[in-house]
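*Asks:* Okay, sequence plus prediction incoming.
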Amino acid sequence: MAYETRHVTGWVGWVWFAAILMIISGVFNIVSGLYAVLNSDLYVRMPSRLLLLDVSGWGWTHLIFGIVLFLAGLALMAGQTWARILAAILVTINAMTQLVWITVNPWWSLAAIAVDVLVLYALIVHGREARSYGA
């Protein structure tokens, strides 16, 4: 019986980092989604007008996206291959949405894009190590 040894690098920590970020982001999205669904009328006071918005649809979107993020983060910690693929897709979507907000909050968007790129690299290149490490 031959044993195959796999070399595990420090990048496996980035896979765990990605999983934990996804879980935290999922919880935040669930909370904000529930708040938007339960308090669907939002009043925004502008300098010359009052805006009334119904945010329940946006709240359901955040709630569902939060649940997907949370479950994918847990599966990523378990070393599931499908979770790595889903996590790479979700991180890519997050990086693209940060480009939309770069004019509103440039420093946060740049930091988020940098972290997303590192997490994406860790997931794609070193994601298999998380399973061999016993994650």
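*Replies:* Arrived safely. Residues are numbered from 1 along each chain as shown.

*Asks:* Chain neighbours aside, what residue packs nearest to residue 92?
*Replies:* residue 120 (6.6 Å; Cβ to Cβ, 6 or more residues apart in numbering). C-beta here means a position set from N, CA and C on the backbone, and glycine is covered the same way.

*Asks:* And for residue 65?
*Replies:* That would be residue 29: by Cβ to Cβ, 6+ apart, it lies 5.4 Å from residue 65.

*Asks:* Okay, now the unreliable bits of the protein?
*Replies:* Residues of the chain meeting the criterion pLDDT under 70: 1-8, 40-55, 104, 130-135.

*Asks:* any chance you could map the helices in this protein?
*Replies:* For the chain, the helices defined by DSSP state H cover 12-38, 56-77, 81-100, 106-132.

*Asks:* Columns mean neighbour count on top of those helices, output as CSV?
*Replies:* Output for the helices of the chain, formatted as CSV (neighbours: other Cβ atoms under 10 Å):
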stretch, mean neighbour count
helix 12-38, 18
helix 56-77, 18
helix 81-100, 16
helix 106-132, 17
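
*Asks:* related to what we said a few turns ago, distance of the residue nearest to residue 92 relative to residue 62?
*Replies:* Plainly put, residue 120 is 22 Å away from residue 62 if you go by Cβ to Cβ, to the nearest Å.

*Asks:* With that, I have no additional questions.
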